[in-house]
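Novice: Here's my sequence, what's the structure:
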Amino acid sequence: MRSEHQAAPVTEFNANADLALYIAFELSRKKWKLAFSDGRSNRIRIITIAAREWPALRREIEIARKRFGLAEAAAVRSCYEIGREGFWLHRALLQRGIENVVVDAASIEVNRRQKRAKTDRMDAEKLTRQLIRHWRGERVWSIVRVPDAADEDARQLHRDMEVLKREKGRYQSRIQSLLFTQGIDTSVDKNFLEKLERLRCWDGKPVPEQLKIRLVGEYQRLQIVQSQLRQLRRQQDALLKNPRPTPPIEKVRRLMQLRALGQTSSWVFVMELFGWRQFANRRQLGGALGLTPTPYQSGDSDHDQGISRSGNRRVRALAVEIAWCWLRFQPNSRLSRWYKKRFAGGGKRMRRIGIVALARRLMIDLWRYLEQGTVPEGARLKPV
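Specialist: Alright, predicted model coming up:
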């Protein structure tokens, strides 16, 4: 699971004031491997407990405090790599007074040798040492920005719709593929079952009985998916029409006022990014999207490796799609004129590079529009 990142905070380390117990979690479904350190010695204590066994965790923390000679009031600091556990463990640790950070696994330093040893024990030890370095102010990894429970829950509706849309496409494609094996090329619409009785195979014969039964089953499952999708759309419409909207819903409404942005794109941009993330500058926004450049310079070699792609992939892909729409529906805007001047006259590759650059600039303008009320220069609003 890839999420938005923020730079690790730089803090001043004081050997006396910052005495703490450091814990790294190496997680699995049944067991948790814990690595303890006091940050002063090279000795790291490794133990294994059952997953979600909180009394055992509390007991091991007390044992580690005694073994490392730490006071009862010493802070407890932990970390784990983001994965299928998501953020519930982070919230549970904070609730128990443990200062936790969630780490982007892709940003962790690794040995670049072709063959390297890797075990859960070694990973836990490495995480612990990097956690200590992090609290001493070193930039050793990227930290995942954790939304609160309400903001995380608000993302479920559009993600559920995305899943249903993919399933709808799969069912339609499967039905057409099965028919194509018999030399039949037809669309899948609301009258498909009636049409199925009239369809004829390549030799003029009716569709075979067992194949027909399978096609009917696939179509019925398709109808269930379509029904669920319509229900979610009605739920989304009701939230947007609420006379007392929440701040994120109000932001969705404001984005929908701009030409080129519809309900789906506005909803995703807000619920995934603008509704709960706070950005200090445009670089932070670009980093959250994974649209920042990745230069490579070593000796005589100096070139650009393209965008980082380390941010929210869902928003990044949609931003590029909306950038094309922006050129079509906002042709007189400053951004569209900039794109046409720099990239429209180039080849296909240059236009693809340009649309990514346009997507980044567009997202920055949308952020300023929501936060400062500044309408993108030359952009048109939809009639009220």
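
Novice: alpha carbons only for contacts and neighbour counts from here, please
Specialist: OK.

Novice: The chain: helices as residue ranges?
Specialist: Using DSSP state H, the helices of the chain run over 54-68, 88-95, 120-135, 149-154, 156-180, 192-198, 209-241, 247-256, 263-269, 282-289, 313-329, 334-342, 348-372.

Novice: And the protein, what are its domain boundaries?
Specialist: Residue ranges for the domains of the chain, per automatic domain parsing: 5-146, 153-241, 249-372.

Novice: what's the closest of those domains to P383?
Specialist: Nearest of the domains of the chain to P383, taken as CA to CA: domain 249-372 at 8.1 Å.

Novice: now stretch 235-242: mean pLDDT?
Specialist: Regarding stretch 235-242, the rounded mean pLDDT is 96.

Novice: List the buried residues for it?
Specialist: Within stretch 235-242, the residues scored as buried using 16 or more other CA atoms under 10 Å are Q236, L240.

Novice: Tabulate the helices of the chain (CSV), appending distance to D300.
Specialist: What follows is the helices of the chain, written out as CSV (distance: least, CA to CA, whole Å):
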stretch, distance to D300
helix 54-68, 50
helix 88-95, 45
helix 120-135, 32
helix 149-154, 46
helix 156-180, 46
helix 192-198, 63
helix 209-241, 54
helix 247-256, 46
helix 263-269, 41
helix 282-289, 27
helix 313-329, 32
helix 334-342, 28
helix 348-372, 25
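
Novice: Ok, which of those comes nearest L381?
Specialist: Smallest distance to L381 across those (CA to CA): 8.8 Å, for helix 247-256.

Novice: report the angle between the axes of the closest one and helix 348-372?
Specialist: 130 degrees (axes from the mean of the first three to the mean of the last three CA atoms, to 10 degrees).

Novice: just checking, what packs against helix 247-256?
Specialist: Counting contacts by 3 or more CA pairs under 8 Å, 6 or more residues apart in numbering; DSSP states H and E, helix 247-256 is packed against helix 209-241, helix 263-269, helix 348-372.

Novice: Recalculate using a threshold of 7 Å.
Specialist: Helices and strands touching helix 247-256, by 3 or more CA pairs under 7 Å, 6 or more residues apart in numbering; DSSP states H and E, are helix 263-269.

Novice: Mind listing residues that contact the helix it packs on?
Specialist: By CA atoms under 7 Å, 6 or more residues apart in numbering, the residues outside helix 263-269 that reach it are H158, V252, L255, M256, V315, L318.

Novice: let's see 8 Å
Specialist: Residues outside helix 263-269 that contact it (CA atoms under 8 Å, 6 or more residues apart in numbering): H158, V252, R253, L255, M256, G275, V315, L318, I322.

Novice: buried set for it?
Specialist: By neighbour count with 16+ other CA under 10 Å, helix 263-269 contains the buried residues S265, S266, W267, V268, F269.

Novice: pLDDT and distance to E167 added to those, as CSV?
Specialist: Shown next, in CSV, are the buried residues of helix 263-269 (pLDDT from 0 to 100; distance: CA to CA, whole Å):
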residue, pLDDT, distance to E167
S265, 97, 20
S266, 98, 23
W267, 98, 21
V268, 98, 19
F269, 98, 23
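
Novice: Flag the shaky bits of this protein, pLDDT-wise.
Specialist: Where the chain drops to pLDDT under 70, the residues are 1-18, 114, 384.

Novice: ok, now with 90
Specialist: The chain contains residues with pLDDT under 90 at 1-19, 41-43, 105-121, 123, 291-311, 344-347, 383-384.

Novice: Distance of T374 relative to W54?
Specialist: With distances taken as CA to CA, to the nearest Å, T374 is found 49 Å from W54.

Novice: same check, this time on A154
Specialist: Remark: distance between A154 and W54 (CA to CA) = 29 Å.

Novice: Same question for M161.
Specialist: According to CA to CA, M161 and W54 sit 36 Å apart.

Novice: Pick out whichever of those two has more residues nearby.
Specialist: Neighbours were tallied for M161 and for W54 using other CA atoms under 10 Å; the higher tally belongs to M161 (19 against 14).
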